[in-house]
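Asks: Only the shape, not the letters, is given here:
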């Protein structure tokens, strides 16, 4: 069965998103948490429902009581992830105000922090190819919404002479690919904190869009 959900982010900002830099425990249902771990370790097609049930410590019928099939697990995880990053990104943009440079900084920072703090979920973006058509369409629509949020900001900056890129859409895609890559390589025990990685990516992102001005938030 395909999961049913909107292709638009939820209206209003959640309590978590209001504090978009703050990350607590993930809080997934145990079945989803173990499914995420299994998908990350073995891939969607390399993971069986029996494997997930065994990790949770329940029978396969008990797992099916909560989620109809493996596809429903993947679709739920991916939509949970993209909606969370969207809410946080929107909250960051609202906090930054109308200045395109400030909004761009905040949005890039929020995306990178999400990739670092929610690696398990963020890494599942690589499994978009495993979604059934209806689920894939909903997820892509949400991901496109995020891209257009950033693109609107960059285009506003170009119009105001703050950004100089002649290719706003290409620049935004490059920035997003760079940010999403953090989920693949970041390690909490590494030499950089998530916050330091985010600050570096903000600078790299500003360079990509041709920012004309001081690098700092001031």
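Replies: Arrived safely. If you're wondering where the values come from, they're calculated on a predicted model, not measured in any experiment.

Asks: Just give the number of residues close to residue 107.
Replies: Neighbour count of residue 107, defined by other C-beta atoms under 10 Å: 27. Where C-beta positions appear, they are placed from N, C-alpha and C, glycine not excepted.

Asks: Heading C-terminal from whichever strand or helix holds it, find the next helix or strand.
Replies: Following DSSP states H and E, the helix or strand that holds residue 107 is helix 100-117. Per DSSP H and E, helix 100-117 leads on to helix 119-122 as the next helix or strand towards the C-terminus.

Asks: Against residue 85, how distant is the residue lying closest to residue 38 once chain neighbours are set aside?
Replies: Nearest residue to residue 38 in three dimensions, chain neighbours excluded: residue 47, at 4.3 Å (C-beta to C-beta, 6 or more residues apart in numbering). Plainly put, residue 47 is 23 Å away from residue 85 if you go by C-beta to C-beta, to the nearest Å.

Asks: Helices of this structure, start to end?
Replies: Along the chain, counting by DSSP state H, helices occupy 15-18, 30-42, 49-56, 60-66, 70-96, 100-117, 119-122, 133-159, 168-180, 182-185, 194-208.

Asks: Can you tell me which of these is nearest to residue 24?
Replies: The closest of the helices of the chain to residue 24 is helix 15-18. By C-beta to C-beta, the value is 8.1 Å.

Asks: if you average pLDDT over that closest one, what comes out?
Replies: Averaged over helix 15-18, pLDDT sits at 56.

Asks: Equivalent analysis for stretch 129-148, please.
Replies: On average, stretch 129-148 scores 95.

Asks: Looks like residue 180 contacts residue 123 (just checking).
Replies: No: the pair residue 180 / residue 123 is not scored as a contact, 9.5 Å apart, by C-beta atoms under 8 Å.

Asks: show me what contacts residue 100?
Replies: Neighbouring residues of residue 100 by C-beta atoms under 8 Å, 6 or more residues apart in numbering: 153-154, 156-157, 160, 162-163.

Asks: from the residues you listed, which would you call buried?
Replies: By neighbour count, with 16 or more other C-beta atoms under 10 Å, those hold 153-154, 156-157, 162-163 as buried.

Asks: which non-adjacent residue is nearest residue 100?
Replies: Once flanking residues are discounted, residue 100 sits nearest to residue 157: 3.4 Å by C-beta to C-beta, 6+ apart.

Asks: hang on, that neighbour packs against residue 163?
Replies: Yes: Residue 157 is within contact range of residue 163, at 3.7 Å (criterion: C-beta under 8 Å).
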